[in-house]
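Visitor: Pasting the sequence and the predicted coordinates here, then a few questions.
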Amino acid sequence: MRRRRFLQGLGGITVGLPFLSKFATRSAKAAGDPNGPRRAIMMAYPMGTHVPFFSPTATGSSFDFGAITAAMEPFKDRTLAVTNCPNGVLDLVSDYVYGHPGKKESVFTGTLMRHAFGGDGTNHVDNVIQSSPDGHQNTANGPSVEHVIGQFLADESHMRASVDLGIPGRQVGEIVDSAFFYEAAENPVSLQANPGVAFASLFSGVTPDGEVDEAFMTLQRRRKSVLDAVRDSFTDLRQGLPPADRAVLDDHADKIREIELDLQPPLACTIPDAASEDESAYEGWSMGDFADLQIRLMAHAMACGVAPVGRLEFYDQQNPFFGIPLVDDAVATVQDWHHPVVHAADGWEKDGEVRVTGLRFFVDKFALLCAELDAIVEGPDGRTALDNSLLMLGSDLAEGDGHAARDLCFLIAGGTGPGVRQYHFDGSGENVNRLLNTVLRMACVTDEGGAPVDDFGLQGFAPGAISELLV
């Protein structure tokens with residue numbers, strides 16, 4: 001091999017190395033976890049459920065959905081139902097036995113509110129103290145699970161870190177602090193509750209024909225030119241090398257091709273109809289109307305690769321207008337509007353249909369999110385955006401009557417990662433913290449050393465994952 005050609009080949013590789021190094025983490029993830037999801041979307045609502053009507057008929061893989069979860073039937077083969085799962089972290093502080101405080105903040109973070117910590121305040125079980133709710137800070141002491149997933153999945157192809165949408169009860173809002181989702185201790189996620197503002201923000205880099213804008217395409221062309229230079233250098237350098245050395249370069253060239261494919265604009269990148277930023281356009285809208293629009297925006301934004309993680313939150317439990325006459329008529333007759341749906345003080349025999357219908361509403365909207373994603377084909381193999389996603393639905397309560405923190409119910413849906421399959425798990429012997437560790441396993445999240453994250457939430461409280469869900 002002539003010295004000049006060797007130096008030219010080496011020069012091209014050297015020029016490309018800084019660029020390629022930015023994709024090292026993503027390539028390692030793709031190589032090590034081929035079944036990992038491309039994205040994660042969490043949906044939260046503040047009204048709990050009624051466990052007997054939520055629960056499928058049997059545990060294991062053979063079951064029928066309950067009255068509240070019936071809408072998930074089309075996605076049964078990609079749905080994991082978890083029922084009767086205690087939020088055990090709340091038992092550490094007596095202040096949280098009754099009422100609402102601490103429950104929203106803990107269910108996706110696996111930890112307590114900030115005021116429950118003494119010592120140096122770090123998020124460890126040894127620092128938990130018995131405290132008074134007087135003057136407490138209504139904020140969690142750590143990040144929620146989807147934030148960790150988003151950090152792991154994020155790379156340069158994403159335009160933003162997350163898509164965070166709030167769903168109003170009956171009146172359009174603007175920026176709202178989440179009660180469920182946190183980026184760090186005392187740092188709640190900001191939710192955009194105006195669909196028009198959300199639309200303008202999410203799709204500003206996407207043109208109406210579904211292609212990314214010129215600025216983004218210029219960046220893509222620049223990246224491709226670097227890849228072409230490196231590939232050409234490999235081709236030049238390959239000639240005259242021994243077979244073993246050629247095999248090494250061929251392996252590197254294959255990895256470059258994988259990176260190049262990752263850089264292509266998403267095949268499924270299309271945008272929905274524009275939404276108005278004018279608040280008057282939403283007069284008379286119901287929570288269902290807002291949910292339908294925000295869910296559609298979320299599904300298309302995530303399919304366009306805007307962010308690795310999305311959050312949808314029904315945040316206005318005190319003022320819900322469901323858009324369902326049976327429920328809304330009952331809600332309108334009382335001062336605390338949500339009580340006919342949430343609290344079964346008179347027993348489920350009385351007005352049971354109202355409660356089941358109201359609580360079924362939230363699962364219906366989760367099923368709508370699944371349907372929107374499943375309608376988006378993401379490649380020539382026919383896989384859909386749902387197949388490539390990890391979705392989770394959860395609430396702060398089990399039974400509204402008594403503000404129960406035990407027996408929580410969750411739905412996890414999607415087509416990727418270990419454990420997202422047709423299955424019903426009775427979590428009565430487990431707790432929410434271990435379920436959150438399991439969700440991280442399903443998302444194929446590892447620490448910097450490549451090991452699973454098994455002590456999420458309150459450190460030292462309930463480490464490890466639920467192995468039955470990872471089969």
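Guide: Arrived safely, thanks for sending. Residues are numbered from 1 along each chain as shown.

Visitor: Pull out the buried residues from stretch 464-471.
Guide: By neighbour count with 16 or more other CB atoms under 10 Å, stretch 464-471 contains the buried residues A465, I466, L469. To be clear about C-beta, it is placed using only N, CA and C from the backbone, and glycine gets the same treatment.

Visitor: Any idea how far apart the tips of it sit?
Guide: Distance between the two ends of stretch 464-471: 15 Å, counting by CA to CA, to the nearest Å.

Visitor: what residues does that stretch touch?
Guide: Applying CB atoms under 8 Å, 6 or more residues apart in numbering, the external contacts of stretch 464-471 come out as 80, 82, 418-419, 423, 425, 427, 430, 434-435, 437-438, 440-442, 452, 454.

Visitor: report the longest strand in this structure, please.
Guide: strand 175-184 (DSSP state E).

Visitor: quick one: buried residues of that strand?
Guide: Buried, per 16+ other CB under 10 Å, within strand 175-184: V176, S178, A179, F180, F181, Y182, E183.

Visitor: name the helices or strands packed onto that strand?
Guide: strand 39-45, helix 103-107, helix 145-153, strand 163-167, strand 187-192, strand 309-314 (3 or more CB pairs under 8 Å, 6 or more residues apart in numbering; DSSP states H and E).

Visitor: ok, it: who's next to it in the sheet?
Guide: strand 187-192 (antiparallel) (DSSP bridges).

Visitor: Dump the C-alpha coordinates for the strand it pairs with into CSV.
Guide: Only the C-alpha atoms of strand 187-192 are listed here, as CSV (Å, rounded to 0.1, in the frame of the first residue of the first chain):
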residue,chain,number,x,y,z
ASN,A,187,-38.5,20.4,39.6
PRO,A,188,-42.0,19.5,38.2
VAL,A,189,-42.4,19.2,34.5
SER,A,190,-44.2,22.2,32.8
LEU,A,191,-47.2,21.1,30.7
GLN,A,192,-48.6,23.0,27.7
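
Visitor: So what's the gap between that strand and the chain middle?
Guide: How far strand 187-192 lies from its chain's middle: 14 Å, per CA atoms, centre = their mean, to the nearest Å.

Visitor: low-scoring stretches of the chain, by residue?
Guide: 1-35, 97, 131-137, 205-240, 249, 252-268, 335-337, 343-351 (pLDDT under 70).

Visitor: Spell out the residue ranges of the helices in it.
Guide: Ranges of helices within the chain are 3-21, 24-32, 51-54, 103-107, 145-153, 195-202, 214-238, 243-262, 287-303, 325-331, 339-342, 352-374, 432-442, based on DSSP state H.

Visitor: ok, back up a step: now render the buried residues of strand 175-184 as CSV, adding distance to D381.
Guide: As requested, these are exported to CSV (distance: CB to CB, whole Å):
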residue, distance to D381
V176, 39
S178, 36
A179, 39
F180, 35
F181, 32
Y182, 36
E183, 35
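
Visitor: Which of those lies at the shortest distance from G60?
Guide: For the buried residues of strand 175-184, the minimum distance to G60 (CB to CB) is 29.4 Å, reached by F180.

Visitor: measure the closest one to F108 for me?
Guide: According to CB to CB, to the nearest Å, F180 stands 5 Å off from F108.

Visitor: list residues touching both of those two?
Guide: M42, A44, S144, G394.

Visitor: Contact partners for the second one?
Guide: What it means is A44. Per CB under 8 Å, 6+ apart, neighbours of A44: 104, 107-108, 178, 180-181, 311-314, 393-396.

Visitor: The same query, at a cut-off of 10 Å, please.
Guide: Neighbour list for A44: 104, 107-108, 144, 146, 167, 178-181, 311-315, 362, 392-396 [criterion: CB atoms under 10 Å, 6 or more residues apart in numbering].

Visitor: Show the buried residues in those residues.
Guide: 104, 107-108, 144, 146, 167, 178-181, 311-315, 362, 392-396.

Visitor: circling back to that earlier point, of the contacts of stretch 464-471, grab the buried ones for PyMOL.
Guide: Buried residues among the contacts of stretch 464-471 (16+ other CB under 10 Å), as a PyMOL selection:
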select buried, resi 80+82+418+419+423+425+427+430+434+435+437+438+440+441+442+452
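
Visitor: I'd like to know how far the nearest residue to I175 once chain neighbours are set aside sits from M442.
Guide: Once flanking residues are discounted, I175 sits nearest to S190: 5.2 Å by CB to CB, 6 or more residues apart in numbering. Counting by CB to CB, the gap from S190 to M442 is 26 Å.

Visitor: neighbours of the closest residue to P340 other than its chain neighbours, just the number please.
Guide: Leaving aside its sequence neighbours, P340 sits nearest to A330 (CB to CB, 6+ apart; 4.3 Å). Neighbourhood size, A330 [other CB atoms under 10 Å]: 21.

Visitor: wait, isn't R114 in contact with T122?
Guide: No: between R114 and T122 there is no contact under CB atoms under 10 Å: 11.3 Å.

Visitor: And these two? Which one has more around it.
Guide: The residue with more neighbours, out of R114 and T122, is R114; 18 against 12, by other CB under 10 Å.

Visitor: what's the more buried one in contact with, if anything?
Guide: E105, G121, N123, H136, Q137, N138, T139, A140, N141, G142, A185, E186 are the contacts of R114 under CB under 10 Å, 6+ apart.

Visitor: and the protein, what are its domains?
Guide: If you go by automatic domain parsing, the domain ranges for the chain are 1-32+213-264, 37-211+285-470.

Visitor: okay if I get those as CSV plus distance to A274?
Guide: Listed next are the domains of the chain as CSV, based on distance: least, CB to CB, whole Å:
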stretch, distance to A274
domain 1-32+213-264, 16
domain 37-211+285-470, 6
